[in-house]
Structures are given as C-alpha cells and as structure tokens.
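Engineer: Provided below for reference: sequence and predicted model.
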Amino acid sequence: MTLALRAMTRLANWPDLAEALPSCGTGRALRSEQAEIVHFHSEQDVDLHLTSRAILRFEGYLKDVPAVHIVPGSRWVTIRLEVDSDIDLLLTLVSFALYAHQSWPAPGEAPSPGCTEHRGMALPL
C-alpha cells in the first residue's frame with residue numbers, strides 16, 4: 001500500500017472529514033464542513049489547504065521541513081510523502097488546517113482558489 005493510500009485511509013476515518021470531488025478535478029479529496037482540506041494527486045504529492053494566517057504562523061517551522069513546499073501566494077501547501085514520518089507530518093498539518101478553517105474566512109480574506117495541482121511547480125518555502 002502506498003504512503004498516500006495509507007494516509008488517505010487514515011484521514012477518511014476522521015469524523016470532521018468526508019470524501020469529496022477535488023476542485024481541480026484530479027485525484028481524491030477530503031473536505032470539512034467549511035472547506036476542501038486535502039487533495040491526493042499522486043502516490044507522493046498531497047495538497048493541504050491552510051489559511052493565510054496558519055501559513056504565516058507556522059512558516060518558521062514549515063520552511064525547515066524538506067517534505068513541505070508551497071506555491072507563492074497560495075494557501076495550499078504541498079507535502080511530498082516519501083517516508084512514514086511524512087504521514088505523521090501530514091496528519092498533524094491536517095489537524096492544524098481543520099482548526100484554522102473553523103474561524104475562516106478572516107475578515108477581508110477572499111475565498112481560496114483551488115489547489116496547486118495545475119498552477120506550476122511547487123517551490124520550497
């Protein structure tokens with residue numbers, strides 16, 4: 001079983017997430033009541049929907065994690081699943097995303113566009 005499938009299986013059992021059609025039309029997605037949260041695009045690449053505030057809050061940590069990449073200006077963080085510990089990282093970040101979306105959108109924050117799948121190469125933070 002691939003890392004992405006193992007992560008998807010674990011997350012699909014979370015009560016705050018339900019499988020949904022991905023906004024980009026590629027792969028599989030899970031969403032909360034508030035927003036799309038995670039897209040599995042391949043056996044290794046997963047897009048996670050954070051808020052701008054969450055990215056700013058955790059930027060110092062995220063920029064030091066080799067598995068984490070963002071497209072500048074996006075609220076979607078790409079996580080590359082290569083080892084088992086990357087699943088743990090993804091699960092932790094999904095928890096943060098669920099929490100962040102409980103109070104989202106922030107005043108003045110526009111709705112987030114779809115995930116990063118079709119917007120170019122993910123770049124390190």
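Structural biologist: Arrived safely, thanks for sending.
Engineer: and the contacts of the host helix or strand of V46?
Structural biologist: Counting by DSSP states H and E, the element that carries V46 is strand 45-49. Residues external to strand 45-49 that are found in contact with it (CB atoms under 8 Å, 6 or more residues apart in numbering): 4, 7, 35-41, 75-81, 90, 93-94, 97, 101, 112, 115-117, 122. Any C-beta I mention is one placed from the backbone N, CA and C, and that applies to glycine too.
Engineer: swap the cut-off to 7 Å and go again
Structural biologist: Strand 45-49 has contacts (CB atoms under 7 Å, 6 or more residues apart in numbering) with 4, 7, 35-41, 75-81, 90, 93-94, 97, 112, 115-117.
Engineer: how confident was the prediction at the closest residue in space to M1 that isn't next to it in sequence?
Structural biologist: On the basis of CB to CB, 6 or more residues apart in numbering, the spatially nearest residue to M1 that is not a chain neighbour turns out to be T9, at 7.9 Å. Note for T9: predicted pLDDT of 93.
Engineer: also the one 5 residues further on?
Structural biologist: Here, the pLDDT recorded for W14 equals 95.
Engineer: could you give me the buried positions within the helix or strand following the strand holding V46?
Structural biologist: Toward the C-terminal end, the helix or strand that comes next after strand 45-49 (DSSP H and E) is helix 52-62. Under the neighbour-count criterion of 16 or more other CB atoms under 10 Å, helix 52-62 has 52, 54-55, 58, 62 buried.
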